[in-house]
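>>> what follows is a predicted protein model with its sequence.
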Amino acid sequence: MDKIQAMSTFVAVVEAGSFVRAMSALGISKAAVSRHVAELEQHLETRLLQRTTRRLSLTTEGQRYFERCKEVLAAIHEAESEIRSRSGEAYGRLRVCVPYTFGNLHLAPLWGRFLAENPQVQLDVVLSDRMVDLVEEGYDMAVRVGILNDSALISRRLASTRLVMCASPEYLRLHGTPRTLQDLAHHETILYSYTYPTRTGEWSFDGPDGRETVRINTRLFANNGDTCQQAALDGQGIALQPDFMVHQELRDGRLVQILSQYQTGERNIYVLYPTRKLLPVKVRRLVDFLVQGLANPVWYGWEEEVNARPATQSAARTDLR
């Protein structure tokens, strides 16, 4: 009996929930799956699985052995990865957490090329705007937008973005275009709750007279940037959105920038990974790949394009009182 193969088969059966699904996952016959588990039980002289016609369940001994098998197999995988790392080959599963909208818009188009360049790597991409704990939750790396709070992580800057105050032409036609920061108090606003988790009803900007804060009237809070953007496009109010999301809508006039003299400052986009004595090749390859892939992001330069429009066209889209 090949103990490692038998342990791998046993773990696959438990995780898949059936011998048939484990067969598909492992690429071996159902008879081979059953034989591996039976040989393992015979070797251990104990039953690991309770089998009925409808379901499988672990015995008490099986549950304990399953957990230890996963630890052993993970250690073997890590040892193999270290050896391959020394040979320069990227290999193995790479678990990455990326922001939902940024991941869909700007990272999803890159994954196929990365996989083609690294055929021995398996990507496991999790999209979440939540601030995950890389070490505790088992991520190899993450992409984050904004301020970094965890100094224990290694970071590399990928690009930058900034928040743009904007609204649809239809909203501005109906409600008028704000001319001063104080005018915002008389408008509907849309708030991304991860950026403003306390929902204080205030926006702060750096303007011609320094730092200024204004009270806002928010009727829509959302923890998803796509929802905020769609609400702005639908004329529901004024939004403060990152330009990596709204650059195309600003370019084609579906959204209009408001009070451009007031800024929130640039926010960097980083790739982060835990501090490790020996960085796996797969992580280093993806970090370098993302740095190169976002060297000249598509949202850069939108403001210059908008400002370069003929004066009559710009006025038609911004002076909508």
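Everything's here; your move. The model shown is predicted, which means the values in this text are computed figures rather than measured ones. Numbers count the residues shown, from 1 in each chain.
>>> which residues touch stretch 54-73?
Stretch 54-73 is touched from outside by 4, 7-8, 10-11, 13-14, 17-19, 44, 46-50, with contacts defined as Cβ atoms under 8 Å, 6 or more residues apart in numbering. (Each C-beta comes from the backbone N, C-alpha and C, glycine too.)
>>> from the residues you listed, list the buried ones, please.
7-8, 10-11, 13-14, 19, 48-49 (16 or more other Cβ atoms under 10 Å).
>>> ok, back up a step: show me the contacts of stretch 54-73 that map onto helices.
Within the contacts of stretch 54-73, residues falling in helices by DSSP state H are 4, 7-8, 10-11, 13-14, 19, 44.
>>> picking up where we left off before, can you tell me which of the contacts of stretch 54-73 is closest to Val98?
Val11 (27.7 Å; Cβ to Cβ).
>>> can you report how many residues lie near the closest residue to Val246 other than its chain neighbours?
The spatial neighbour of Val246 that comes closest, neighbours along the chain excluded (Cβ to Cβ, 6 or more residues apart in numbering), is Leu255 at 5.6 Å. By other Cβ atoms under 10 Å, the residues close to Leu255 number 25.
>>> how about Arg309?
Count around Arg309 with other Cβ under 10 Å applied: 15.
>>> could I get the phi/psi values of it?
Here is the backbone geometry of Arg309 (degrees, to the nearest 10): phi -70, psi 150.
>>> just Leu163 next, same as before
phi -80, psi 140.
>>> for it, give its distance to Glu45.
65 Å (Cβ to Cβ, to the nearest Å).
>>> do the same with Tyr262
Taken as Cβ to Cβ, the span from Tyr262 to Glu45 is 74 Å.
>>> report the buried residues of stretch 28-47.
Buried, per 16+ other Cβ under 10 Å, within stretch 28-47: 28, 33-34, 36-37, 39-41.
>>> tell me the contacts of the residue nearest the centre of the chain?
With distances taken as Cα atoms, centre = their mean, the residue of the chain nearest its centroid is Val98 (1.6 Å). Going by Cβ under 8 Å, 6+ apart, Val98 touches 107, 125-128, 142-143.
>>> mind pulling up the pLDDT for the residue lying farthest from the centre of the chain?
Most distant residue from the mean C-alpha position of the chain: Glu45, 45.9 Å away (Cα atoms, centre = their mean). Confidence at Glu45, expressed as pLDDT, is 92.
>>> in CSV, could you pull the C-alpha coordinates for stretch 210-220?
Output of stretch 210-220 as CSV, limited to C-alpha atoms (Å, rounded to 0.1, in the frame of the first residue of the first chain):
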residue,chain,number,x,y,z
GLY,A,210,-6.9,73.8,3.1
ARG,A,211,-8.8,70.9,4.8
GLU,A,212,-12.6,71.3,4.8
THR,A,213,-15.4,69.1,6.0
VAL,A,214,-19.0,69.3,4.9
ARG,A,215,-22.2,67.6,6.2
ILE,A,216,-23.9,65.5,3.6
ASN,A,217,-27.4,64.0,3.3
THR,A,218,-27.0,60.3,2.5
ARG,A,219,-30.0,58.2,1.6
LEU,A,220,-28.2,55.2,0.2
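>>> and that stretch, what's its mean pLDDT?
88.
>>> distance from the chain centre to that stretch, please.
28 Å (Cα atoms, centre = their mean, to the nearest Å).
>>> buried sites along that stretch?
For stretch 210-220, by 16+ other Cβ under 10 Å, it's 214, 216, 218, 220.
>>> same check on stretch 56-76?
For stretch 56-76, burial by neighbour count (16+ other Cβ under 10 Å) applies to 56, 58, 62, 65-66, 69.
>>> closest one to Leu181 out of those residues, please.
Phe66 (60.2 Å).
>>> ok but the closest one is inside a helix, no?
Yes. Per DSSP: H, G, I helix; E, B strand; the rest coil, Phe66 lies within a helix segment.
>>> and it, how far is that from Val11?
7 Å.
>>> what number of residues lie near Thr264?
16.
>>> quick check: nearest residue in space to it, chain neighbours excluded?
Counting by Cβ to Cβ, 6+ apart, the residue nearest Thr264 is Leu163, at 4.5 Å.
>>> in the sheet, who's paired with that neighbour?
Pro242 (DSSP bridges).
>>> list the residues that contact it.
Here Leu163 is in contact with 195, 240-243, 264, 267 (Cβ under 8 Å, 6+ apart).
>>> again with Arg254
168-169, 233.
>>> just the buried subset of those, please.
Counted by 16+ other Cβ under 10 Å, these give 168-169, 233 as buried.
>>> for those, which one is nearest Gly225?
Closest to Gly225, out of all of these and judged by Cβ to Cβ, is Leu233, at 12.4 Å.
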